[in-house]
Structure formats: structure tokens, C-alpha cells
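Enquirer: Okay, structure incoming, though there's no sequence with it:
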């Protein structure tokens, strides 16, 4: 074999070996090792989103303002966090939130307390089918509260003098029975109507058992619908009136259109006298007594609630009220002895 052919064959063999080594290296680099697959971070592949985070440390119990929040890009599942600052503005943390941390629903206060406006209190009142508009009231509705009350002055005299009037206007219902405002309601029949379930054969024992279960379920749902209490958002200065009326009389809820904003004008009626009098030797006490919290602290009694203001009774008599009738004084009798027999004037005899 010529020497040139032998050298070419050797070069080809060396080139083939180099190509094999190069191919093996590229194959190992393209296929990741099992250890690398196990240590691969779980967040890889999760798209990043713009979420609401805290600009500073947020202590529990203090409302959050928009200035305390900002938007940051974070790689989290779609179910976590808020995407708009308006959804968190005004909410109250249930725990301390560190600066830079994402704001989640679990960190904020929940329940009906979130829906109470400043200056309002959540007050529960008893209701039944008649007082609750045949149980047509739902959380979030607006109602007027009417009061039926027996006058305490008439009760003391043994006379029946009941009264009924509007007590409070346009109160929001925060809860009715077991339902609260903002609470999701399960769809009716969601558990009973299973997908793919076949109806029992008519006349069979299975149909009898199913109809008996349906009657029991309907009865239990009817009992659950009979609410015993309603939670109303009441201005703090009116909470005492509502509680006293519920204790001494009966309350009736009247549903109203949410767009109807008409209210009773209390300024044209006499203000009920409070239980506690304002101290006259304190400067600015009269102005401070007009604050809603101080009006609630001053309280109200049953006479004032019923409109029987005993302190104004003498003034009413002096302003033209009919005075109590008294027997006319007898005229001076003539000198002598007067003998009266019976009740008619014809039987009256006089002697000089």
C-alpha cells in the first residue's frame, strides 16, 4: 500500500474519533441530570404579575392608606395577592405586615365589621316572619325600622294607648339569620342534583325513600329560613333608642328601595330629653354633648322614647291646655236651715 494512502486513512480515523467525542459531549449537555431536575425551582414557568405590596411596616389594627402601598412584579400563582391598590385601600390588617411583603386576603380583617362605616355600630334586633317582611330581607338591603310601643303613662293609669311610628330610617342590613353581607350563597340543590344520577323507578322502594329524604330536606331548609335576629348598621347616637324599643315594644322592618335616600327631618320635632344632664359648670359642655358618642352616653328613657316628656307638662298647661275640671264652689247659703230631700230641686225646703 502506498505511503500516501496509509497516511490519509490514519487521518480519517482520527477525525472520526474526534467527531464521536464531540457528539457525546453535546448529548450530555442537552440532557439535564436527574439531580438538576430535582433541584429545579418550582417558580420556573410561573408568569410574573404586578401585585400590591407594603411600602412600610403595617401594624395590625390600623387602617391602610393608598400611600402605604405600591405595585411590584412578583412570580406567584394567580390566586394570591391583589392587583389593584383600590382593593386594599381602607382595609385593616389582622396581623403585622412587613415592608415589601405582598398583601393577601388572609392578612386582612374579614367579616361584617369591614362593612361598618365610621360612626356606626352593628346592633342585633329580634325578628320573626311578621317583623322581617316574611323573611324576604337579605344582607345588604336597606330597611326602615318602625316601633309599636305602649305608652308608659297610659300603662300606669290602666288605659290602653299604644303608639306606632317610624323609629329609624334607611339602615343597612349587615346580617339576617345565618347569612352575612358579602357572604357567598351556595346554589340551591347543588348537592342534591348530582351529575349523572338516575331517577328511581316509579313505585319502587327507592322512590319512597328518596321522597321521604326530600321532604326532610325541605323541612330543614324551611326551619333554617326562619331567622330570629337581624344585624343592622345603626348610628351610635341611635343605638340606645333601638335597643330600648326592642326591649319595651316591638320592632318591624320595612324594606325600601336602595336608591331611595329620603330621611325623616328630626330637626322639626322636639328632641327627647336625655337620661344624664349636661354639667353646666364646664366650658364647651353643650357643644361636646352634641357629639354622637356623647349623645349615646347620655341615654334615653322610656318616657322620652314614647314622647311623654314630663318636664314640659306644666308649660303645656300654661299654653292653653285644658285644665283639669274642678267642682264649682257652692254659693253662700241664706241664713237659716236648709233641708234637702232627694236630688230634685222640687224637694228642697227652706225655713227662715
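Expert: Right, received. Where do you want to start? Note that the structure is a prediction, hence the values are computed from the model and not measured. Residues are numbered from 1 along each chain as shown.

Enquirer: How is this protein divided into domains?
Expert: As recorded under automatic domain parsing, the domains making up the chain are 48-110, 116-184+226-305.

Enquirer: Just put those domains in TSV and tack on mean neighbour count and distance to residue 6.
Expert: C-betas here are computed from N, CA, C, even on glycine. Output for the domains of the chain, formatted as TSV (neighbours: other Cβ atoms under 10 Å; distance: least, Cβ to Cβ, whole Å):
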stretch	mean neighbour count	distance to residue 6
domain 48-110	15	63
domain 116-184+226-305	15	87
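
Enquirer: Show the residue spans covered by the strands in the protein.
Expert: With DSSP state E, the ranges of strands along the chain come out as 48-54, 69-75, 120-126, 142-150, 162-176, 179-180, 229-235, 250-256, 337-340, 348-351.

Enquirer: Just put the ones you listed in TSV and tack on distance to residue 279 and mean pLDDT.
Expert: Converted to TSV, the strands of the chain look like this (distance: least, Cβ to Cβ, whole Å; pLDDT from 0 to 100):
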stretch	distance to residue 279	mean pLDDT
strand 48-54	46	88
strand 69-75	45	89
strand 120-126	26	96
strand 142-150	31	94
strand 162-176	29	94
strand 179-180	41	90
strand 229-235	24	96
strand 250-256	34	96
strand 337-340	62	56
strand 348-351	65	44
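
Enquirer: closest to residue 89 out of those?
Expert: strand 69-75 (7.2 Å; Cβ to Cβ).

Enquirer: what's next to that closest one, contact-wise?
Expert: 43, 46-55, 81, 85, 88-89, 100, 102-103 (Cβ atoms under 8 Å, 6 or more residues apart in numbering).

Enquirer: cool, stretch 90-102 as well?
Expert: 51-65, 72, 74, 76, 80-81, 103, 107-110, 114.

Enquirer: Include distance to residue 286 when you put the strands of the chain into CSV, please.
Expert: Listed next are the strands of the chain as CSV, based on distance: least, Cβ to Cβ, whole Å:
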stretch, distance to residue 286
strand 48-54, 44
strand 69-75, 42
strand 120-126, 24
strand 142-150, 29
strand 162-176, 25
strand 179-180, 40
strand 229-235, 20
strand 250-256, 32
strand 337-340, 63
strand 348-351, 65
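
Enquirer: Which one of those strands lies nearest to residue 266?
Expert: strand 162-176 (9.6 Å).

Enquirer: Tell me the strands beside that closest one, with direction?
Expert: strand 142-150 (antiparallel), strand 179-180 (antiparallel), strand 229-235 (antiparallel) (DSSP bridges).

Enquirer: among those, which is nearest residue 16?
Expert: strand 179-180 (79.1 Å).

Enquirer: Which stretches in the stretch 51-200 of the chain count as helices?
Expert: Using DSSP state H, counting those that start in this stretch, the helices found in the stretch 51-200 of the chain span residues 152-157.

Enquirer: I misspoke; the intended subject was the stretch 201-350 of the chain.
Expert: Going by DSSP H, counting those that start in this stretch, the stretch 201-350 of the chain shows helices at 205-225, 239-248, 285-289, 292-298, 302-305, 313-318.

Enquirer: and those, which one is worst for confidence?
Expert: Of all the helices of the stretch 201-350 of the chain, mean pLDDT reaches its minimum on helix 313-318 (a mean of 38).

Enquirer: where's the residue nearest to residue 138 when sequence neighbours are not counted relative to residue 233, distance?
Expert: In space, and not counting its chain neighbours, residue 138 is closest to residue 176: 6.4 Å by Cβ to Cβ, 6 or more residues apart in numbering. Residue 176 sits 13 Å away from residue 233, going by Cβ to Cβ, to the nearest Å.

Enquirer: still on that earlier bit, which one of the strands of the chain lies closest to residue 268?
Expert: Nearest of the strands of the chain (Cβ to Cβ): strand 162-176, 13.6 Å.

Enquirer: Show me what residue 58 is bridged to.
Expert: Where residue 58 sits in a bridge, its partners, by DSSP bridges, are residue 97.

Enquirer: That one contacts residue 52, correct?
Expert: No - assessed by Cβ atoms under 8 Å, residue 58 is found out of contact with residue 52, at 11.5 Å.

Enquirer: okay, how far is it across stretch 96-113, tip to tip?
Expert: End-to-end span of stretch 96-113 (Cα to Cα, to the nearest Å): 19 Å.

Enquirer: go on, stretch 152-162?
Expert: Termini of stretch 152-162 sit 9 Å apart (Cα to Cα).
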